[in-house]
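Novice: Okay, predicted coordinates and the sequence, questions at the end:
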Amino acid sequence: MPRWSIFAIDLAIVVISFTGLWLFRDSISTTKAVGFLNKMLMAVISYGFTALIFKTHHGVVRYSTFHDIKHISKTAITATLFYIAALSLHNYFKYHLATFQPSFAFPSLLSLMVISGQVLLRLTVKLFYESLEISGHLEKQKQLFIIGTGHDSINIATQLVNNPESRYKPVAFLSTEGSLVDKRITGIKILNLNDGIGIHKINYNAKSVLIPKSLLKTMPQDFYDNCLKEDIELLTTGAISKYQGTEQPPQIYKIKIEDLLGRDTIKIDSVYVQSHFAGQTVLITGAAGSIGAELTRQIAQFNCKKLVLVDQAETPLNDLWLELSVLGCNTEIKPIVANVCNRDRMRQIFECAKPSVVFHAAAYKHVPMMEMHPSTAVVTNVMGSKICADLSVEYEVKRFVMISTDKAVNPTNVMGASKRAAEIYVQSLYNRELAEKGDAATKFVTTRFGNVLGSNGSVVPLFKKQIENGGPLTLTHREITRYFMTIPEACSLVLEAGCTGKGGEIYIFDMGEPVKIYDLAEKMIRLSGKIPGKDIKIVETGLRNGEKLYEELLATHEDTTPTHHPKLMIAKVREYPFQYAKTEVQSIIDVALKYNLTHDVVLKLKILIPEFKSQNSEYEEIDKILIKNI
């Protein structure tokens, strides 16, 4: 609305108010008033003049606020004073009265009517525009189903219904409880989930399903698969938060592939774990990596005295340091750029920091890359582990936890074999220390688990990038399967195992059911709103060097013993005498340090680890030679 139109309407309100009040006064008064036109003109000029001074017509009417009401009131009161003065002067000069005889009743009532009329105008326009916006917004809202009829589901539905600005509109609850079907909660109907999500999608024209966070792990995988096949958007939300006692609208976001693992939430005894870190100095190698960084985040909450973060990658280490600096925890954070293969540098770190707990996460883990560079794999994964383990004994560290991999089980590649060699040395070193020092020995514990979703080198980040680029998604074989767990889950179990281990154990984690990478790729494509094979293709590239179709968590001659935690088991592995392990491991390291004897390095690994049989690799020839010599 242009300013002149608002100004004109405001003056029209003055004219209407004046006329109405004048007629009303005449109807109840025995004495008829005279000079209607003159007095109305004085009123219009007074209000028009003050409106120009105070610029009441300059505001945007649809965004009027209480400030505008005060502005209008101030203008009307001032205009009333002008009008009273003009009326008094008019009476004085026209009727030659000796003194002013101002009348306050009529101008005051006029002022109230003008204020009411102008405020009503602005409120009417404001409400009209808001109703248009709301109706337009409602048309843009996505209709969705809400899973369950529990407390969380009802709370979320109530918040969405009561929030006119929400992007989503709940149209029905989906429940498997037959007794609740066709009933209503907060005006929303309850439907039978067992009838099939596809039927409800057609009947209600809803293409989204919201699953409260508390129900994510309870829904069967078939439900998620059906939703994805029906092109139904999967949404979830966290718990409803409160701010100053008021519940805030739920934050809704698309379900990630990590949410569809189908695993129960892993719970650890946080009080017990914290007691092992309170007041301690903890050193973490590979701290800037995905596992090391999450370990750092979790340990930082346990009131330890100092966290010493060691990594050779400067930029990610700096990023982690900045992230931890804003947490405001009482723990001293000390980032150190160093390579675990540099014995002198690591000795200096141990000497200065004097850690009581060490988490050794530094390692090279890309299978094809290490297959091309066996010497590098041995130098970092074996020699780096040996240096850290030896220094832990020398500086009387209480606990040493090494992060290993399921690829160390019946290894088919150099990376897995190098980690198995590190396991052998660490376990034999503990047995030697236990025999010599008893309970005073450093407690060495190894944790072995499978692929971690979202970690550096994981297939999930690769698939995400390929989807963003429009595909295709590349996998090595249609039948390849892997075990998966999330980074927080893995690190929680590492902490639990590290604190409860008595020493010498190799812990394995319950990784749940193995996942076909092809199925994982299809789900990720559908979660992105695309159709596999049509919008984004999936291409097989063939198995890479050293890669096998199925991962194992235990070697064929190993068995396990349960622990206090249902997700943790102890692997019973073949143990090596320390002198033999030390001699063989050092021999492998000596050859690796020459960097030009690739086959000799692999040969020595195979001699130390008889179950190491190469697959899809040039080193399969070495296996044939060894078999002939037996």
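Specialist: Sure, I can see it. If you're wondering where the values come from, they're calculated on a predicted model, not measured in any experiment. Numbers count the residues shown, from 1 in each chain.
Novice: Using CSV, write out every CA atom in stretch 573-582.
Specialist: Written as CSV, here are the backbone C-alpha positions of stretch 573-582 (Å, rounded to 0.1, in the frame of the first residue of the first chain):
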residue,chain,number,x,y,z
VAL,A,573,44.3,-66.9,19.8
ARG,A,574,47.6,-68.7,19.3
GLU,A,575,50.2,-67.1,21.6
TYR,A,576,53.8,-66.7,20.6
PRO,A,577,56.9,-66.8,23.0
PHE,A,578,58.2,-63.3,23.4
GLN,A,579,61.8,-64.0,22.2
TYR,A,580,60.5,-65.7,19.0
ALA,A,581,57.9,-62.9,18.3
LYS,A,582,60.5,-60.2,19.0
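Novice: now the helices for the stretch 501-630 of the chain?
Specialist: Across the stretch 501-630 of the chain, reading from the start of the chain, the helices by DSSP state H, counting those that start in this stretch fall at 517-527, 578-592, 598-608, 620-629.
Novice: I misspoke; the intended subject was the stretch 51-200 of the chain.
Specialist: Under the criterion DSSP H, counting those that start in this stretch, the stretch 51-200 of the chain carries helices at the ranges 66-95, 105-140, 151-162, 197-204.
Novice: Could you export the helices of the stretch 501-630 of the chain to CSV, including columns for mean pLDDT?
Specialist: Written out in CSV, the entries for the helices of the stretch 501-630 of the chain read as follows (pLDDT from 0 to 100):
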stretch, mean pLDDT
helix 517-527, 85
helix 578-592, 96
helix 598-608, 93
helix 620-629, 82
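Novice: circling back to that earlier point, dump the helices of the stretch 51-200 of the chain to TSV, plus distance to residue 525 and mean pLDDT.
Specialist: For every residue, glycine as well, the C-beta is placed using N, CA and C. Listed next are these as TSV, based on distance: least, CB to CB, whole Å; pLDDT from 0 to 100:
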stretch	distance to residue 525	mean pLDDT
helix 66-95	52	75
helix 105-140	26	73
helix 151-162	28	83
helix 197-204	19	86
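Novice: Residue 340: which of those helices is closest?
Specialist: Each of the helices of the stretch 51-200 of the chain was checked against residue 340 via CB to CB, and the shortest separation belongs to helix 151-162, namely 45.5 Å.
Novice: So for the closest one, what gets flagged as buried?
Specialist: For helix 151-162, a neighbour-count test (16 or more other CB atoms under 10 Å) marks 152-160 as buried.
Novice: Rebuild the helices of the stretch 51-200 of the chain as a markdown table, extending it with distance to residue 27.
Specialist: Putting the helices of the stretch 51-200 of the chain into a markdown table (distance: least, CB to CB, whole Å) gives the following:
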| stretch | distance to residue 27 |
| --- | --- |
| helix 66-95 | 21 |
| helix 105-140 | 14 |
| helix 151-162 | 48 |
| helix 197-204 | 60 |
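Novice: Ok, which of these comes nearest residue 356?
Specialist: Once CB to CB is applied to the helices of the stretch 51-200 of the chain, the stretch that comes out nearest is helix 151-162, at 41.9 Å.
Novice: what's that closest one packed up against?
Specialist: The helices and strands touching helix 151-162, judged by 3 or more CB pairs under 8 Å, 6 or more residues apart in numbering; DSSP states H and E, are strand 142-147, strand 168-175, strand 208-212.
Novice: Not counting its neighbours along the chain, what's nearest residue 216?
Specialist: Ranked by CB to CB, 6 or more residues apart in numbering and with sequence neighbours excluded, the top spatial neighbour of residue 216 is residue 259, at 5.5 Å.
Novice: so when I look at that neighbour, I'm seeing a helix, right?
Specialist: Yes - the assignment for residue 259, made by DSSP: H, G, I helix; E, B strand; the rest coil, places it in a helix.
Novice: Could you measure from it over to residue 621?
Specialist: Taking CB to CB, to the nearest Å as the measure, residue 259 and residue 621 are separated by 45 Å.
Novice: got a list of what the closest residue to residue 541 other than its chain neighbours touches?
Specialist: For residue 541, the nearest residue in space outside its immediate sequence neighbours is residue 474; the separation is 5.2 Å by CB to CB, 6+ apart. Residue 474 makes contact with 466, 538-541 under the criterion CB atoms under 8 Å, 6 or more residues apart in numbering.
Novice: can you tell me which residues contact residue 372?
Specialist: Contact partners of residue 372, counting by CB under 8 Å, 6+ apart, are residue 545.
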